[in-house]
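Novice: Got a predicted model here, sequence first, then my questions.
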Amino acid sequence: MIRLFVRIKPYFLKTLKKIFSPLKKILMVLVIILLPIYRLLSIVRRNLSRIYRPAKNKMMAVIANRYLVHAIMAIIVLATVALNFQTTDVRAESFGERSLLYELVAGNNLEIIEEYASDTTAVELTGSSYQNQGTLSSLAYGISDIATKDASVTFIGGHLVSIPTTTETPSTAARSNVEKYTVQGGDTLSSIASNFGISINTLLWANNLTVRSVLQPGDVLAILPVDGITHTVKSGDTISSISQKYDIDQETITDYNGISTGDVLAVGDELLIPGGEKQIASASSSSAIGRIFTPPSVSSPTTTTSISTDSASSSGAMVWPTDMYVITQYYGWSHNGLDIDCGYDNDNYAADAGYVSYAGWMNGYGYLVEINHGNGIVTRYGHHASLYVAPGDYVYAGQPIGRCGTTGRSTGTHLHFELRVNGSTKNPLEYIR
């Protein structure tokens with residue numbers, strides 16, 4: 001047995017050496033590398049424990065207290081509330097002027113005020129049921145010119161006083177009779193109406209014109225003294241019946257025309273109805289609604305429908321005002337128009353031919369285009385991202401007027417489309433083909 005062990009001993013040792021040789025190398029790594037690192041970490045831990053141990057260091061005891069985080073959060077909340085109460089309005093042109101960097105760079109430099117002149121006519125914002133208190137607001141569209149009046153100088157009470165002398169031009173002077181005006185080169189319906197202080201509708205009604213009528217130099221137009229309409233007396237007409245037809249007080253009609261309620265009206269006489277509007281028949285909704293999903297043809301102006309003295313809606317002439325046909329909100333007692341889905345890559349179109357009476361910012365509407373189609377019909381297109389037209393422009397049915405957007409009081413890109421007849425909102429689906 002001993003001899004056998006002696007004989008196999010060399011082979012056994014070689015086998016053990018092969019088995020434990022890798023372990024030997026690992027052990028050497030542990031002894032040479034890991035052991036010094038472990039020793040260093042132990043020394044560091046022992047020294048740091050003397051500093052951070054709460055029992056030996058009062059400062060660390062305070063920092064390690066669990067209530068410290070709650071106290072810090074309470075201080076941050078109180079500071080935020082206090083700063084909010086002291087917050088003031090910041091305008092875009094003065095943003096950042098109270099910062100430390102601005103004080104270091106700008107110092108006591110004086111502000112430079114620049115004034116720009118614009119040829120754009122200022123447009124007065126009109127009230128609308130679509131805008132509510134708290135909606136966005138904007139400055140009036142355009143910049144009005146400031147004119148210097150001629151003045152005379154005189155002495156009053158020993159002081160030199162400048163007294164302005166104002167003259168009244170024929171266009172703005174008070175008028176009581178119907179005047180005749182000869183069209184000049186460059187005149188348009190909107191410019192003539194503006195010069196005489198009347199609406200485009202009044203000018204159209206008085207001359208039996210439409211918004212598509214072409215004016216030629218030398219044409220003679222009747223200019224009413226006030227907004228309204230002329231009524232030609234027919235057989236059976238009385239002051240009372242005329243008053244009911246136009247919804248105007250009898251006294252207003254008689255006073256302006258110099259007659260009394262008991263006078264007999266002669267057939268053929270013309271009466272001026274101040275504030276009167278042309279009567280428009282309602283459109284049939286049954287046939288119009290069935291055609292609302294017919295895509296509008298905008299490739300050629302030849303597809304447009306002219307506006308006659310009858311209502312433009314009576315034949316279903318209006319086209320769909322945008323590229324998409326998804327209605328997100330319908331017309332109703334709480335919503336005076338249609339909300340039609342569209343995206344930033346879509347255009348909005350004029351529903352019918354007419355003159356642009358307004359193009360710009362209007363509170364809740366955002367960027368708005370308003371088109372006067374004549375005969376008391378007006379359409380509004382709200383929430384544009386950008387506009388393609390300006391006040392006074394003539395547009396045809398299907399012409400792009402702006403890019404779809406979500407300006408004003410709006411959530412998501414869409415077109416707010418309104419239709420008004422004599423100032424009253426109507427369901428646009430009754431007028432769109």
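Specialist: In hand now; what should we look at? Residues are numbered from 1 along each chain as shown.
Novice: Quick check: pLDDT value at Arg46.
Specialist: As summarised for this prediction, Arg46 has a pLDDT of 80.
Novice: Okay, and it sits in which element?
Specialist: Taking DSSP states H and E as the definition, one finds Arg46 inside helix 35-52.
Novice: got the CA positions of the strand or helix carrying Tyr381 in PDB?
Specialist: Here Tyr381 sits within strand 377-384, counting by DSSP H and E. C-alpha atoms of strand 377-384 as PDB (Å, rounded to 0.1, in the frame of the first residue of the first chain):
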ATOM      1  CA  ILE A 377     -75.400  89.000 -45.600                       C
ATOM      2  CA  VAL A 378     -72.000  88.900 -43.700                       C
ATOM      3  CA  THR A 379     -69.800  85.900 -43.100                       C
ATOM      4  CA  ARG A 380     -67.100  85.600 -40.400                       C
ATOM      5  CA  TYR A 381     -64.100  83.300 -40.400                       C
ATOM      6  CA  GLY A 382     -62.200  83.000 -37.100                       C
ATOM      7  CA  HIS A 383     -59.000  81.600 -35.500                       C
ATOM      8  CA  HIS A 384     -56.700  82.000 -38.500                       C
END
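Novice: Show the average pLDDT along it.
Specialist: Strand 377-384 comes out at a mean pLDDT of 95.
Novice: That strand packs against which elements?
Specialist: Applying 3 or more C-beta pairs under 8 Å, 6 or more residues apart in numbering; DSSP states H and E, we find strand 377-384 packed against strand 354-361, strand 367-374, strand 400-403, strand 414-421. C-beta here means a position set from N, CA and C on the backbone, and glycine is covered the same way.
Novice: Any regions of this structure where pLDDT drops low?
Specialist: 50-64, 86-174, 211-213, 279-316, 433 (pLDDT under 70).
Novice: Which parts of it are helices?
Specialist: Using DSSP state H, the helices of the chain run over 2-29, 35-52, 58-63, 67-85, 100-106, 189-195, 200-206, 239-246, 250-257, 285-289.
Novice: between those helices, which one is nearest to Tyr431?
Specialist: helix 285-289 (6.4 Å; C-beta to C-beta).
Novice: Enumerate every residue touching Ile242.
Specialist: Counting by C-beta atoms under 8 Å, 6 or more residues apart in numbering, Ile242 makes contact with 231, 253, 271, 273.
Novice: Could you save the residues you listed as a markdown table and add columns showing distance to Tyr365?
Specialist: Formatted as a markdown table, the contacts of Ile242 follow (distance: C-beta to C-beta, whole Å):
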| residue | distance to Tyr365 |
| --- | --- |
| His231 | 35 |
| Ile253 | 36 |
| Leu271 | 38 |
| Ile273 | 31 |
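Novice: Put together CSV for these, with neighbour count on each row.
Specialist: Listed next are these as CSV, based on neighbours: other C-beta atoms under 10 Å:
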residue, neighbour count
His231, 19
Ile253, 24
Leu271, 21
Ile273, 22
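Novice: what's the farthest-apart pair in those?
Specialist: The widest separation within the contacts of Ile242 (C-beta to C-beta) is 8.8 Å, between His231 and Ile253.
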